[in-house]
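> just coords:
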């Protein structure tokens, strides 16, 4: 059982890509009403040998879905004998030396790439060292967007899809991301794994909010949008542009004929810097959602490096729901309870939601106070994010904490203590996706 | 004729020396050729699918990375077939390189375990011309001893 969990660890989450995604991407890649198809985004594949890991078809499929293709930077084979000292890591594996040489070719402009995907086998220590340093090297020495990932043979296209979509957006649609002010009347719907959020914005202000649990995806979206419209006192015909994001973005987007259907890394980082009013300069966005988490390094509101996932639901809102249920408090009261407690009094491990729940049950059985358990749960989640996500992005202040879990007060406190930095939780921090979608959709008002 | 495992497993030079001596080199290129020319090619360039790392479980545990097990599904059978081996250490990349050092470690271990050590030549890659002559001479002499042993065995069989 534990082996199975570990085998899935690099996968983070698996989603099937609905037919509507394929339809939308086909339309997008073919330009729908335009006769000239958009040029493919060139992603340099810098890996330790995905062709041996059995994942190459999944990589190709995910790239094709976002109208991208892999390129393999050419290098002089003799450079493999010297790249270790040249780059700085004397890796014993030839393919890891090849990774360094290929990264160098991209940075030096010998290979022209729109983005770089750095990937190695999950559970290989040497590869993990090289992958991390190669990613950092490309990020620091070039303006080319780069993402990294550790794969298992079970990695499928759906797992990579959102990452590739974000990578290609940053690579090819920067104009979209440059938007800092919302114009006209626009709406955004974030169809998340746990909750569906909707906002209506007018002239750079949020005038309507809708929020409810995600059950049937379209029904939940309709309810959230209706709530937001009611609060805004606006008829839906007045909406000039609509953007959708989140797990159900394609289904909801197709239903409402959305102007923008965008993955959540882009919308959430945009929404976060907008709400925190830090659209210029560096920032780090940490988004703890209902089922996963994201860490995004942002520069001028544009995502640079980002990571998605978490080993298990132990680092997401789902764990807080479990804790709240066991402590017999409402999830909205968990934060206040945590603020009264001391995490040091309880040892908790949320590396896996099962282990975390075991720690929870054991600590209560030993007589631990619920307030200390609540505080320990907050610490446990941020520790996992620190260990799993923040090792892969450069944490640059300000740190903006968003997502539904940011509303649990103990979470920003523990994150601030762990990182020893001030953590900003902007107003409406749970609405970042919907706000980002509404903000970016306003680009279509002017068009 | 003896089946000779060579390391690096894709070294054309070693494969050529073994062939010239009348033996059969066990090279990864043959394994790859078998893969890419088989029907149902659906995972270019090497046609390794997620099933192959599972086949690699024969040689390495589930904790071992997918890339190592995928390589082992290709190369592992070579270690099983081997009757002799030539292992060259400290080679430059253009002499041959199988990419993953964890795979290399495991492959060499399997050969050293499965094959009589007296039938394994372990030699360093030459650093100058003089060493290069010795290198080729040593390999050819080793291959000759394999031929002799092979002949003796054949003769013994006739009796």
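Great, that's in hand. Source: prediction; values computed, not measured.
> could you pull out the strands for the chain?
No chain specified, so I'll use chain A. A:41-47, A:68-71, A:115-121, A:146-151, A:185-191, A:195-202, A:205-213, A:241-245, A:260-261, A:282-288, A:293-299, A:302-309, A:399-402, A:423-424 (DSSP state E).
> think we crossed wires, I meant chain B
B:3-7, B:24-26, B:84-89, B:120-124.
> I'd like the strands of chain A laid out as a markdown table, including distance to chain B, mean neighbour count and mean pLDDT.
C-beta coordinates here come from the backbone N, C-alpha and C atoms, glycine included. Formatted as a markdown table, these follow (distance: least, C-beta to the nearest C-beta, whole Å; neighbours: other C-beta atoms under 10 Å in any protein chain shown; pLDDT from 0 to 100):
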| stretch | distance to chain B | mean neighbour count | mean pLDDT |
| --- | --- | --- | --- |
| strand A:41-47 | 9 | 24 | 96 |
| strand A:68-71 | 11 | 18 | 96 |
| strand A:115-121 | 3 | 28 | 94 |
| strand A:146-151 | 7 | 25 | 88 |
| strand A:185-191 | 30 | 29 | 97 |
| strand A:195-202 | 34 | 28 | 96 |
| strand A:205-213 | 35 | 18 | 95 |
| strand A:241-245 | 30 | 29 | 97 |
| strand A:260-261 | 30 | 24 | 94 |
| strand A:282-288 | 29 | 25 | 92 |
| strand A:293-299 | 24 | 24 | 88 |
| strand A:302-309 | 17 | 23 | 81 |
| strand A:399-402 | 33 | 26 | 95 |
| strand A:423-424 | 35 | 22 | 94 |
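> Make a markdown table out of the ones you listed and add distance to residue A:320.
Listed next are those as a markdown table, based on distance: least, C-beta to C-beta, whole Å:
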| stretch | distance to residue A:320 |
| --- | --- |
| strand A:41-47 | 36 |
| strand A:68-71 | 36 |
| strand A:115-121 | 31 |
| strand A:146-151 | 27 |
| strand A:185-191 | 19 |
| strand A:195-202 | 13 |
| strand A:205-213 | 15 |
| strand A:241-245 | 22 |
| strand A:260-261 | 29 |
| strand A:282-288 | 9 |
| strand A:293-299 | 12 |
| strand A:302-309 | 17 |
| strand A:399-402 | 14 |
| strand A:423-424 | 17 |
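> looking at it, residue A:336 is touching residue A:413, isn't it?
No. Using C-beta atoms under 8 Å, residue A:336 is not in contact with residue A:413; the gap is 11.6 Å.
> With neighbour numbers in mind, choose between these two.
More neighbours surround residue A:413 than the other of residue A:336 and residue A:413, with 19 against 14 (other C-beta atoms under 10 Å in any protein chain shown).
> and residue A:206, what is it in contact with?
A:199-200, A:428, A:431, A:435 (C-beta atoms under 8 Å, 6 or more residues apart in numbering or on different chains).
> how about the residue nearest to residue A:347 when sequence neighbours are not counted, what does it touch?
Among residues not flanking residue A:347 along the chain, residue A:359 sits closest, at 6.7 Å (C-beta to C-beta, 6 or more residues apart in numbering or on different chains). By C-beta under 8 Å, 6+ apart, the contact set of residue A:359 is A:346-350, A:376, A:380.
> just residue A:59 next, same as before
So residue A:59 contacts A:45, A:50, A:70, A:117, A:119, A:157, A:160 (C-beta under 8 Å, 6+ apart).
> one step back: give me the buried subset of the contacts of residue A:359.
A:346, A:348-350, A:376, A:380 (16 or more other C-beta atoms under 10 Å in any protein chain shown).
> what residues does chain B put near chain A?
Neighbours of chain A within chain B, by C-beta under 8 Å from any C-beta of the partner chain: B:42-46, B:48-54, B:62-71, B:74, B:92-94, B:97-102.
> which residue packs closest to the residue of chain B found nearest chain A, ignoring adjacent ones?
For chain B, the residue closest to chain A is residue B:65, as judged by C-beta to the nearest C-beta, at 3.3 Å. Of all residues not flanking residue B:65 in the chain, residue A:121 sits nearest, at 3.3 Å (C-beta to C-beta, 6+ apart).
> Is the one you found in contact with residue A:130, as I believe?
No. Here residue A:121 does not reach residue A:130: they are 11.1 Å apart, not a contact under C-beta under 8 Å.
> overlap in contacts of those two?
Counting by C-beta under 8 Å, 6+ apart, the residues touching both residue A:121 and residue A:130 are residue A:48.
> Show me which residues of the stretch 1-150 of chain A sit near chain B.
A:3, A:6-7, A:48-57, A:77-78, A:80-81, A:91-95, A:97-98, A:120-124, A:126-127.
> which of those count as buried?
Buried, going by 16+ other C-beta under 10 Å: A:6-7, A:48-57, A:80-81, A:91, A:93-95, A:97-98, A:120-124, A:126-127, out of the residues of the stretch 1-150 of chain A next to chain B.
> Report the distance from stretch A:319-336 to the chain centre.
How far stretch A:319-336 lies from its chain's middle: 24 Å, per C-alpha atoms, centre = their mean, to the nearest Å.
> Name the residues that touch it?
A:313, A:337, A:350, A:353, A:356-357, A:360-361, A:364, A:370, A:373-374, A:377-378, A:380-381, A:405, A:407-411.
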